[in-house]
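S.K.: Model the following, please.
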Amino acid sequence: MPIAPVPACLVSGLTGTDKRSFVAALLRARPAGSRWALLDNDGGGSALELAQPGLETATVSGCACCTGQVALHAGIVQLVRRARPQWLVVAVDGMAEPDALERVFAQPELARGVRVAQRICAMSPQWLAALPQNALERLRRQMAAADCVVTARAEAVAALRAAGIERVVQADEAVRRIAGASTGPSASSPRIAS
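M.R.: Predicted coordinates:
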């Protein structure tokens, strides 16, 4: 009987507090006794800082969508083999291009063992006015590719929706849904929508 692929939550967004806070909250909400793993490709040291009992962590450097694709692929395979997690969280660099990430996860060798169950883009409204145009366009591509955009506060949800960004939810709601889904019979995640 074939083994079901490990469900993964792919977290994109700018490097910094919004994404790190979301990942930290998600890991804190991990059901007791569950086996999760975190692969940090964000370069912010989240894997070391967020380590906790029952959570395997690893860090992979390099751009996940170009020069670091091989490292990302190898890092995921090694972490899944070592940890045998029920759920995998992958935090990618803020520069990651969604199409290139999808190609990494679609590689047959990886797709047999891991499936992206949830795509999250962590975001804060202040970035909309502060980013240079090329970075803003990349962030918009990440948001468009995500199942939902998460932000920390209710007023930020309203501000992002007012800016025309759809599928925005408050981070704590996304955390509850993902952590709750990770304990189900198939450990699959619901698609989070606003």
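
S.K.: How are the strands of this protein distributed by residue range?
M.R.: 6-13, 36-41, 55-59, 87-92, 114-122, 148-151, 168-170 (DSSP state E).

S.K.: so which of the ones you listed comes closest to residue 107?
M.R.: strand 114-122 (10.0 Å; CB to CB). Any C-beta I mention is one placed from the backbone N, CA and C, and that applies to glycine too.

S.K.: How far away from the center of its chain is the closest one?
M.R.: 5 Å (CA atoms, centre = their mean, to the nearest Å).

S.K.: What segments of this protein are helices?
M.R.: 17-28, 46-49, 69-83, 98-106, 108-111, 126-130, 133-145, 154-162, 171-181 (DSSP state H).

S.K.: looking at those helices, which has the lowest confidence?
M.R.: For the helices of the chain, mean pLDDT drops lowest on helix 46-49, to a mean of 71.

S.K.: Mean neighbour count, the strands of the chain: which tops it?
M.R.: strand 87-92 (a mean of 28; mean count of other CB atoms under 10 Å).

S.K.: tell me which strands and helices that one is in contact with?
M.R.: strand 6-13, helix 17-28, strand 36-41, helix 69-83 (3 or more CB pairs under 8 Å, 6 or more residues apart in numbering; DSSP states H and E).

S.K.: Contacts for it next, please.
M.R.: 6-12, 19-20, 23, 26-27, 30, 34-42, 46, 64, 72, 76, 79-80, 101, 114, 182, 187 (CB atoms under 8 Å, 6 or more residues apart in numbering).

S.K.: now the strands of the chain in a markdown table, with distance to residue 162 and mean pLDDT?
M.R.: Conversion of these to a markdown table gives the following (distance: least, CB to CB, whole Å; pLDDT from 0 to 100):
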| stretch | distance to residue 162 | mean pLDDT |
| --- | --- | --- |
| strand 6-13 | 19 | 94 |
| strand 36-41 | 31 | 91 |
| strand 55-59 | 37 | 88 |
| strand 87-92 | 27 | 93 |
| strand 114-122 | 17 | 94 |
| strand 148-151 | 12 | 92 |
| strand 168-170 | 10 | 90 |
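
S.K.: Reformat these into TSV and put distance to residue 141 next to each item.
M.R.: Shown next, in TSV, are those (distance: least, CB to CB, whole Å):
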stretch	distance to residue 141
strand 6-13	9
strand 36-41	17
strand 55-59	25
strand 87-92	13
strand 114-122	9
strand 148-151	12
strand 168-170	16
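
S.K.: So which of those is nearest residue 132?
M.R.: Short answer: strand 6-13, nearest of the strands of the chain by CB to CB, at 16.3 Å.

S.K.: Can you give the strand pairings for that closest one, parallel or anti for each?
M.R.: strand 87-92 (parallel), strand 114-122 (parallel) (DSSP bridges).
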